[in-house]
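> A structural model of the following input is requested.
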Amino acid sequence: METTSGTTIFDALIWGGAALSLLGLAGLVWCIVKVWRARRAALDDAQMRDVMARVLPLNLGALFVSVIGLMLVIVGIFLQ
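This next block holds a predicted model:
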């Protein structure tokens with residue numbers, strides 16, 4: 001299924017998956033920086049737990065987005 005520009009839907013699937021993977025990677029890097037700054041600030045145990053509790057769901061979400069993006073890339077390559 002080629003479009004008028006010569007690309008297929010699978011190309012879009014691959015590039016969309018790559019974009020999602022990069023978005024997830026950026027989220028993971030943000031989580032790492034956030035926790036690294038909290039560790040350098042020498043927070044007490046309760047404050048550090050609070051930072052970790054706020055970062056953990058974002059970390060898992062970023063990991064999920066990255067994995068979905070990689071799956072799209074693999075499916076696009078496999079079907080192409």
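> quick one: contacts for the nearest residue to residue 65 once chain neighbours are set aside?
Distances taken as C-beta to C-beta, 6 or more residues apart in numbering put residue 24 closest to residue 65, at 3.8 Å, once the chain neighbours are dropped. Quick note: C-beta positions are derived from backbone N, CA and C, even for glycine. Going by C-beta atoms under 8 Å, 6 or more residues apart in numbering, residue 24 touches 62, 63, 64, 65, 66, 67, 68, 69.
> Could you do residue 21 as well?
Contacts of residue 21 by C-beta under 8 Å, 6+ apart are 65, 66, 69, 70, 73.
> any idea which of those is closest to residue 28?
Distance ranking of those against residue 28, using C-beta to C-beta, places residue 66 first at 6.8 Å.
> quick one, what contacts the closest one?
By C-beta under 8 Å, 6+ apart, the neighbours of residue 66 are 20, 21, 23, 24, 25, 27, 28.
> And the average pLDDT for the helix or strand where residue 69 lies is what?
Under the criterion of DSSP states H and E, residue 69 resides in helix 45-79. The average pLDDT within helix 45-79 is 96.
> that older thread, filter the contacts of residue 21 down to just the buried residues.
65, 66, 69, 73 (16 or more other C-beta atoms under 10 Å).
> Serialize those to JSON lines and add fields for distance to residue 51.
Below are those laid out as JSON lines (distance: C-beta to C-beta, whole Å):
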{"residue": "65", "distance to residue 51": "21"}
{"residue": "66", "distance to residue 51": "22"}
{"residue": "69", "distance to residue 51": "27"}
{"residue": "73", "distance to residue 51": "32"}
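> and those, which two are the farthest apart?
Within these, two members stand farthest from each other by C-beta to C-beta: 65 and 73, at 12.9 Å.
> quick one, the helix or strand hosting residue 21 and helix 45-79 angle?
Assigned by DSSP H and E, residue 21 belongs to helix 9-40. Using axes from the mean of the first three to the mean of the last three C-alpha atoms, to 10 degrees, the direction of helix 9-40 lies 160 degrees away from that of helix 45-79.
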